[in-house]
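> build the 3D model from these lines:
(chains A and B)
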Amino acid sequence: MYKYDQYDQAIVDARVAEFRDQTARRLSGALSEDQFKPLRLKNGLYLQLHAYMLRVAIPYGTLDSRQMRMLGHIARKYDRGYGHFTTRQNIQYNWIKLEQAPDILADLATVEMHAIQTSGESIRNVSSDQYAGAAADEICDPRPWAELIRQATTFHPEFSYLPRKFKIAVTAADEDRAAIRLHDIGLKLVRNDAGELGFEVYIGGGMGRTPFVAPLIRPFLPVDNLFSYCEAALRVWNRWARRDNIHKQRIKILVHDLGQEEFTRQVEVEWQAILANNSDVPRAEFDRIAAFFEPPPFETGLPEDVDRSDPDFAVWLDQNVRAHKAPGYAIVNISLKPTGGIPGDASADQIDLMADLAERYSFDELRVTHAQNIVLPHVKKADLYTLWQALDAAGLASANLDLISDIIACPGLDYCSLANARSIPVAQKIAGRFADLGRQKELGELKLKISGCINACGHHHAGHIGILGVDRKGTENYQLLLGGSGAEDASLAKITGPGFSEDGVVDAVEKATNVYLRERQDGERFVDTYRRVGMEPFKEAIYG
Amino acid sequence: MKILTGNDLPTGAVVWWTGRDWSLHVEDAADVDEQGEAIARAEEGARRVNGPYVIDATATPEGPRPAHIKDRIRALGPTVRTDLTLKPADPNAGSWVI
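Next up, the predicted model:
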């Protein structure tokens, strides 16, 4: 993984010193809140319902055990003993004191971490496939390009005061595990007929108030032109974005308003002008970055067989372990979705344990997933049983990956000042209703996603089943949506009809699953059946 | 009744105007009637609070109960981590919010 050089470290250290000074001036009264707010947001510090909230960047979700232990340390020393992993592969702390925030950033800087560009109108943390560098189905590791984008856009003056936030994802496999078509720019590495590496470029996707699935803007972009093409797209957006209306400022609105063809034309014109100035990142610089992502020294001749005699282990093995590109290795998913738990939350002790296990069993590497779970990407199959035992003892062996209880949920009204309704209690009740693992497995892959407001941090538009919390005359109310997907078959979920109370929406989810069980044909997932039979049978069961 | 709330500047903790000072406990909140905005400006100017605002509340025998669920959650703490709320041992605290 990438390691800071002296310039990276100097930049981050300088930012810590700058923020320490800004914080001192705020506490002394030299800065008003109106003056200070944009400065703290540039360092990931929000003011939420109960306290300040700090969002720490985890670039493309990759971190090592030293960094993971620092996240545990921060949870223990500065927060209340836990952290919340987010849908942008970051971590948030809910109980931060302003007067301690500079010390936290200083601690993070000692392990090459920061909170820069995790808020505000900037290019946010670049996300990627949580299995990058390990997946059996990828054509290469996409993270060097994600890191290149991160470096080329960090503090870039042209991208420092964008119309709104901007989110980029990079993948390199046909199975889309990073929801690239629901990003401002989604990049998929592909090879053309000549065997050359390039990107499919999708622009104008997103969720929130006005969701769109991004159209394909360029079918093949040579990898060496990645930065110049992204710059051209951002420049066209920066030129025309609706800065007069916060709800219409995202690039998805511009792509929709201009139309795919005209937007593409303008980007191509802008790109040619940029190419004339040769502003792409030099190949040698990419090669320098890529050298940090060389595969770890995998052993050869390892056994492929795994002893499945422990039935609980076998269930977890089938559900949470995925194929690895190196023989004798596997990808392990650690679910942060225990029944009754809070999706994405992990205690400081659990964070420390996952760091220890990564160091011992996974070449010192961990990943955070956009589904709010943790991955150990490189585990010997021979170590799986021992690893599972350690996870199980810490409450981290829920065998529910991609099942109905593997719920994405935003913090909702329990923590978030923007939320209209609570998300977490709904997630807990649904997980409780479907607590029987056999029942969950009978339902198969079922992505359930809950947002506590229209901003859609819980990705409800992309859920096979989505739930949106709204405020109806001061009372929490929940809309049910069906048929969304953030994967390679990306689609937007549709609202079933009138909303429900908290308990009512749990009942409605169960009724929807009953329709699926009744109507499904061989091999169909919930979303496949929905797409085949349409909304009517579900509406009839839910409202009839 | 109308009560005044905000966040403590250095810690971010939710606080309530008691008539003389700021308290962590909503039951200490005083009815600010029409004086809320003026008190808010003065207190924010003196850096004793961050982002103060006036809300509607109902007077009850146990003290003021904010009208909106968002402010009741601010007053108590997250409903999903009762161990972290101001009344972790009170089994009725959750129903007070809802």
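
> roughly how far does A:Leu376 sit from A:Leu384?
10 Å (CB to CB, to the nearest Å). Glycine gets a C-beta too; all of them are placed from N, C-alpha and C.

> more neighbours: which of those two?
Between A:Leu376 and A:Leu384, counted using other CB atoms under 10 Å in any protein chain shown, A:Leu376 has the larger neighbour count: 25 against 20.

> contact partners for the more buried one?
Shown in contact with A:Leu376 (CB atoms under 8 Å, 6 or more residues apart in numbering or on different chains): A:331-332, A:334, A:354, A:357-358, A:361-362, A:365-366, A:387.

> and the strand or helix carrying B:Tyr53, which residues are buried?
B:Tyr53 belongs to strand B:50-60 when assigned by DSSP states H and E. Buried positions in strand B:50-60, judged by neighbour count with 16 or more other CB atoms under 10 Å in any protein chain shown: B:50, B:52, B:54-55, B:57.

> near chain A too, which of these?
Checking the buried residues of strand B:50-60 against chain A by CB under 8 Å from any CB of the partner chain, the ones in range are B:Asn50.

> and of the buried residues of strand B:50-60, the nearest to chain A?
Chain A has its nearest neighbour among these in B:Asn50, at 5.9 Å by CB to the nearest CB.

> any idea of the pLDDT on that closest one?
Note on B:Asn50: pLDDT of 95.

> what lines up beside the strand holding B:Tyr53 in the sheet?
Under the criterion DSSP bridges, strand B:50-60 sits next to strand B:2-7 (antiparallel), strand B:63-66 (antiparallel) in its sheet.

> off-centre distance for it?
6 Å (CA atoms, centre = their mean, to the nearest Å).

> go on, stretch A:473-483?
On CA atoms, centre = their mean, the centre of stretch A:473-483 falls 23 Å from the chain's centre.

> now do it, average pLDDT.
Mean predicted confidence for stretch A:473-483 is 95.

> how about it: buried residues?
Quick answer for stretch A:473-483 (16+ other CB under 10 Å): A:476-483.

> now stretch A:512-521
A:512-513, A:515-516, A:520.

> so which of the residues you listed sit within strands?
Using DSSP state E, no member of the buried residues of stretch A:512-521 falls in strands.

> go through those and flag which are in helices.
Members of the buried residues of stretch A:512-521 lying in helices (criterion: DSSP state H): A:512-513, A:515-516.

> any chance of those residues in CSV, plus distance to chain B and pLDDT?
Below are those laid out as CSV (distance: CB to the nearest CB, whole Å; pLDDT from 0 to 100):
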residue, distance to chain B, pLDDT
A:Ala512, 24, 98
A:Thr513, 24, 98
A:Val515, 30, 98
A:Tyr516, 28, 98
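
> between these, which sits nearest A:Ala348?
Closest approach to A:Ala348 among those (CB to CB): A:Thr513, at 35.6 Å.

> rewinding a little: tell me which of the strands paired with strand B:50-60 is the most buried.
Across the strands paired with strand B:50-60, averaging neighbours per residue (mean count of other CB atoms under 10 Å in any protein chain shown) puts strand B:2-7 on top, at a mean of 23.

> next, the buried residues of the following helix or strand past that strand.
Downstream of strand B:2-7, the next assigned helix or strand under DSSP H and E is strand B:14-17. Within strand B:14-17, the residues that count as buried by 16+ other CB under 10 Å are B:14-17.

> same question for stretch A:444-453.
Within stretch A:444-453, the residues that count as buried by 16+ other CB under 10 Å are A:444, A:446-453.

> for A:Ser310, give me its contacts.
Actually, residue A:310 is Asp. It isn't Ser. Applying CB under 8 Å, 6+ apart, we find A:Asp310 in contact with A:Tyr385.

> show me what from chain B comes close to chain A.
B:7, B:9-14, B:44, B:47, B:50-51, B:67-70, B:73-74, B:77-81, B:84.

> from those residues, which would you call buried?
Using 16+ other CB under 10 Å, the buried members of those are B:7, B:9-14, B:44, B:50, B:67, B:69-70, B:73-74, B:77-81, B:84.

> if we can go back for a sec, can you list the buried residues of stretch A:512-521 in CSV and add distance to A:Glu18?
Output for those, formatted as CSV (distance: CB to CB, whole Å):
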residue, distance to A:Glu18
A:Ala512, 51
A:Thr513, 52
A:Val515, 56
A:Tyr516, 54
A:Arg520, 57
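
> quick one, longest helix in chain B?
Counting by DSSP H, the longest helix found in chain B is helix B:36-45.
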